[in-house]
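Student: just need the structure, nothing else, for what follows:
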Amino acid sequence: MSKFCETCYEMGHMWWEGCPETKAQFEKAMAMTKKLAAVRGYGKRLARAVAKAEQEVEEEKKMRKEQGQQTFLVNGEDPFPGVHGKERRKMIKDLKWQQKRAALAGKAASERKDTDMNGANN
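Tutor: The predicted model follows:
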């Protein structure tokens, strides 16, 4: 099917305004585009959260170093208690995992969009 309805084209309308088939295809493509944008936005928010958490860890280490306190690992454990140590590293690890999942979901959504758009245009 072509990208416009012959009748609608002759009337000077946009290609999706008059023909129900092309309008449905257009709406489907727009919905997929919105989903893809949402997935990408989620990935960007996760990336910012990871960067912020890592920056906080570095600032904490720098502050401790300036104060002359221990900043190295003891038996593989961070000497910082609570959120500043083990829990923060776990949080960063979880955020990175979510970021990776979001990237894979975005890639899959992008591939689905390409496939659906190719199928819709034929």
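Student: can you give me the neighbour number for residue 103?
Tutor: Residue 103: 16 surrounding residues under other Cβ atoms under 10 Å. C-beta coordinates here come from the backbone N, C-alpha and C atoms, glycine included.
Student: and the closest residue to it other than its chain neighbours, what does it touch?
Tutor: Of all residues not flanking residue 103 in the chain, residue 43 sits nearest, at 5.6 Å (Cβ to Cβ, 6 or more residues apart in numbering). By Cβ atoms under 8 Å, 6 or more residues apart in numbering, residue 43 lies in contact with 99, 102, 103, 106.
Student: then residue 110?
Tutor: With Cβ under 8 Å, 6+ apart, residue 110 has these contacts: residue 36.
Student: quick one: average pLDDT of stretch 61-76?
Tutor: When pLDDT is averaged over stretch 61-76, the result is 66.
Student: now do stretch 24-35
Tutor: Taken as a whole, stretch 24-35 carries a mean pLDDT of 79.
Student: pLDDT below threshold where in this structure?
Tutor: Scanning the chain for pLDDT under 70 picks out 1-22, 68-86, 113-122.
Student: can you do 80?
Tutor: Applying pLDDT under 80 to the chain flags the ranges 1-27, 29-30, 39-40, 43, 64-92, 106-122.
Student: what's the first helix or strand after the helix ranked longest in it?
Tutor: If each helix of the chain is counted by residues according to DSSP state H, the longest one is helix 20-66. Under the assignment DSSP states H and E, the closest C-terminal helix or strand after helix 20-66 is helix 86-121.
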